[in-house]
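Undergrad: Structure for this input, please:
(4 chains, ligands or ions: 4)
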Protein chains: 2
Amino acid sequence: MTTSEENYIKVIYHLSLVSPKGVNTNAIAGMLETKASSVTDMLKKLSEKDLVSYQKYQGVSLTENGLLSAKMIVRKHRLWEVFLVEKLAFNWDEVHEIAEELEHIKSEALINKLDAFLGFPAFDPHGDPIPNEKGVIQKVNKLLLSEAELNKEYYCIGVKDSSSEFLKYLDKQKIALGSTFKVIERESFDDTLTVEINAQEKIISNKIANNLYVQ
Amino acid sequence: MTTSEENYIKVIYHLSLVSPKGVNTNAIAGMLETKASSVTDMLKKLSEKDLVSYQKYQGVSLTENGLLSAKMIVRKHRLWEVFLVEKLAFNWDEVHEIAEELEHIKSEALINKLDAFLGFPAFDPHGDPIPNEKGVIQKVNKLLLSEAELNKEYYCIGVKDSSSEFLKYLDKQKIALGSTFKVIERESFDDTLTVEINAQEKIISNKIANNLYVQ
DNA sequence: ATTAAAATTTAGGCAAAACTAAAAATTAAT
DNA sequence: ATTAATTTTTAGTTTTGCCTAAATTTTAAT
Ligand SMILES: [Mn+2]
Ligand SMILES: [Mn+2]
Ligand SMILES: [Mn+2]
Ligand SMILES: [Mn+2]
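TA: Ligands and ions are numbered 1, 2, ... in the order given. Coordinates of the predicted model:
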């Protein structure tokens, strides 16, 4: 598989988690910042290689082959992110772009040795689960902070949006994985929350609350 | 720079250490396992970008720009090799291919943090020097085992050929960086050496002796 | 049920990096 | 100094991945 094919497969995988019945051409184009016509070209090639099942105008989904490939790319991406944060002291908002390149390095041995070196981590720096060698992903039940009950203790286990902007905002607010949350009040007009974060009271907009996973 | 351009620049760099007056098209093609006509195409492009100075039929050499780029690629390659051997427990004969890919990951911060993480190593697993952040390469005086004086103590500081086959042969013979050498006898007919290696007497062919650096 | 809008695909092209075959320049040999 | 051999370049294709513009299909709106 080429780097480009891998990027497509990974994007289709991520999109299929949200729309399992079939992924749209335009959605793929949007994620890859390319044009719909380019996507159509690639879908034909991926279909030829039995990585996706594709009927024109009907959207696309991963085959068993494609799904496993996607999980292996995600595995590599997330393991490299752990390496960059844990070993090289990168901040969690700096690693995605680099991992986007590192995920395409071709060596089974490399990724399994890296996994061992890191101590077989279960989650990446953004709280996303890391598929194991066979592609199995540990299922975790979590909810969005926006769905949390009032006056109940939660802690932060992940972010939904892992853009640099959002992560930097969280740094500024001193919110990190492991931070404790207790929703004190929900403003019914705009769903703004008053939350006790690490024993400090803060105002959290609905948009923010919709991008924080808690448990 | 694309991956392909980087591979060309690096090969031109390595060849120019041997033939400083100008690197031949065919030599480049040989190293990259491509055709001379492809090399000519690329030389035009590299020349356009001021990475090499090139006049047709006259061979090619690196510009100042090209030289610095080359050293940075070599730096990355060798630092990744150190990482693979020191941290991930790869054998020294397994790392070159993987480093061949890793050297193209684009991030200044990554390579400098990796350098720090590894403790600013001066040499790679094959004894080759690692250029520093500015491209400066520590000069080491060394000689080939084939040039060593009789009955004088040396130790192994590098290999000239770092192919997997040669390195595996050295493993089998229990020769590694740091091994001590004392040449007991030189057979004048074929230059075969009798060498005391780590206090064990062994017969070393001229070809082998020509690929071991000692000090 | 038509029509309008949106999504998707096709057609035709372009640039990068490779190739083969043929031409040109350089180097070596008589 | 010619001729022959070798090296290098040019010319013309191919494949991959992308593009624009136009055509087609699906979906939404009247
Ligand atoms: Mn990421
Ligand atoms: Mn990627
Ligand atoms: Mn190497
Ligand atoms: Mn390379």
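Undergrad: all contacts plus neighbour counts: C-alpha atoms, from now on.
TA: Will do.
Undergrad: Pull the contacting residues for residue A:8.
TA: Residue A:8 is in contact with A:28, A:32, counting by CA atoms under 8 Å, 6 or more residues apart in numbering or on different chains.
Undergrad: Which secondary structure state does it sit in?
TA: helix (DSSP: H, G, I helix; E, B strand; the rest coil).
Undergrad: what residues are up against the residue lying farthest from the centre of chain A?
TA: The C-alpha centroid of chain A is most remote from residue A:189, which lies 30.4 Å away (CA atoms, centre = their mean). If a contact means CA under 8 Å, 6+ apart, then residue A:189 has no contacts.
Undergrad: would you say it is within a helix?
TA: No. Residue A:189 sits outside any helix when classified using three-state DSSP, being coil.
Undergrad: How is chain A divided into domains?
TA: As assigned by automatic domain parsing, chain A contains the domains A:3-62, A:143-214.
Undergrad: Switch those over to a markdown table; also include distance to DNA strand D and mean pLDDT.
TA: Output for the domains of chain A, formatted as a markdown table (distance: least, CA to the nearest atom of the strand, whole Å; pLDDT from 0 to 100):
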| stretch | distance to DNA strand D | mean pLDDT |
| --- | --- | --- |
| domain A:3-62 | 4 | 97 |
| domain A:143-214 | 21 | 95 |
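Undergrad: of the ones you listed, which approaches residue B:196 most closely?
TA: For the domains of chain A, proximity to residue B:196 was assessed by CA to CA; domain A:3-62 is nearest, at 49.6 Å.
Undergrad: What's the end-to-end length of that closest one?
TA: End-to-end span of domain A:3-62 (CA to CA, to the nearest Å): 17 Å.
Undergrad: For chain A, which segments count as helices?
TA: Secondary structure of chain A by DSSP state H: the helices cover A:3-18, A:25-32, A:36-48, A:64-82, A:96-102, A:108-117, A:164-172, A:206-209.
Undergrad: which of those helices sits most buried?
TA: helix A:64-82 (a mean of 23; mean count of other CA atoms under 10 Å in any protein chain shown).
Undergrad: still on that earlier bit, which of the helices of chain A sits closest to residue B:26?
TA: Nearest to residue B:26, of all the helices of chain A, is helix A:3-18, at 29.4 Å by CA to CA.
Undergrad: thinking again about what came up before, could the domains of chain A be laid out in CSV, adding distance to residue B:105?
TA: Formatted as CSV, those follow (distance: least, CA to CA, whole Å):
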stretch, distance to residue B:105
domain A:3-62, 13
domain A:143-214, 20
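Undergrad: Up against chain B, what does chain A have?
TA: Counting by CA under 8 Å from any CA of the partner chain, the residues of chain A lying close to chain B are A:87-89, A:98, A:101-102, A:105-107, A:110, A:113-114, A:117.
Undergrad: still on that earlier bit, between the domains of chain A, which gets nearest to DNA strand C?
TA: Across those, DNA strand C has its closest neighbour in domain A:3-62 (3.3 Å, CA to the nearest atom of the strand).
Undergrad: I'd like the distance from that closest one to the chain centre, please.
TA: Distance of domain A:3-62 from its chain centroid, counting by CA atoms, centre = their mean, to the nearest Å, is 17 Å.
Undergrad: tell me the pLDDT at the residue nearest to the spatial centre of chain A?
TA: Taking CA atoms, centre = their mean as the criterion, residue A:128 is the residue nearest the geometric centre of chain A, at 5.7 Å. With respect to pLDDT, residue A:128 scores 97.
Undergrad: measure the closest residue to residue A:90 other than its chain neighbours to DNA strand C for me?
TA: Of all residues not flanking residue A:90 in the chain, residue A:84 sits nearest, at 5.6 Å (CA to CA, 6 or more residues apart in numbering or on different chains). Distance, residue A:84 to DNA strand C, using CA to the nearest atom of the strand, to the nearest Å: 28 Å.
Undergrad: Show me the one of the domains of chain A that comes nearest residue A:133.
TA: domain A:3-62 (16.8 Å).
Undergrad: quick one: the closest one near DNA strand C?
TA: Yes. Interface with DNA strand C: domain A:3-62 contributes A:24-27, A:36-41, A:55-59 (CA under 7 Å from any atom of the strand).
Undergrad: would you turn the helices of chain A into a markdown table with distance to residue B:161?
TA: Formatted as a markdown table, the helices of chain A follow (distance: least, CA to CA, whole Å):
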| stretch | distance to residue B:161 |
| --- | --- |
| helix A:3-18 | 31 |
| helix A:25-32 | 42 |
| helix A:36-48 | 40 |
| helix A:64-82 | 31 |
| helix A:96-102 | 28 |
| helix A:108-117 | 23 |
| helix A:164-172 | 44 |
| helix A:206-209 | 57 |
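Undergrad: of all those helices, which lies closest to residue B:154?
TA: Residue B:154 sits nearest to helix A:108-117 of all these, at 34.8 Å, using CA to CA.
Undergrad: For residue A:62, the count of nearby residues, please.
TA: 25 (other CA atoms under 10 Å in any protein chain shown).
Undergrad: got the contact list for the closest residue to it other than its chain neighbours?
TA: Spatial nearest neighbour of residue A:62, chain neighbours left out: residue A:52 (4.2 Å); criterion: CA to CA, 6+ apart. Contacts for residue A:52 (CA under 8 Å, 6+ apart) come out as A:43, A:46, A:60, A:61, A:62, A:63, A:66.
Undergrad: Now tabulate the residues you listed in TSV and tack on distance to residue B:149.
TA: Compiled in TSV, the contacts of residue A:52 are given as follows (distance: CA to CA, whole Å):
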residue	distance to residue B:149
A:43	65
A:46	62
A:60	70
A:61	69
A:62	65
A:63	65
A:66	61
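Undergrad: which one of those is nearest residue B:4?
TA: Closest approach to residue B:4 among those (CA to CA): residue A:46, at 24.5 Å.
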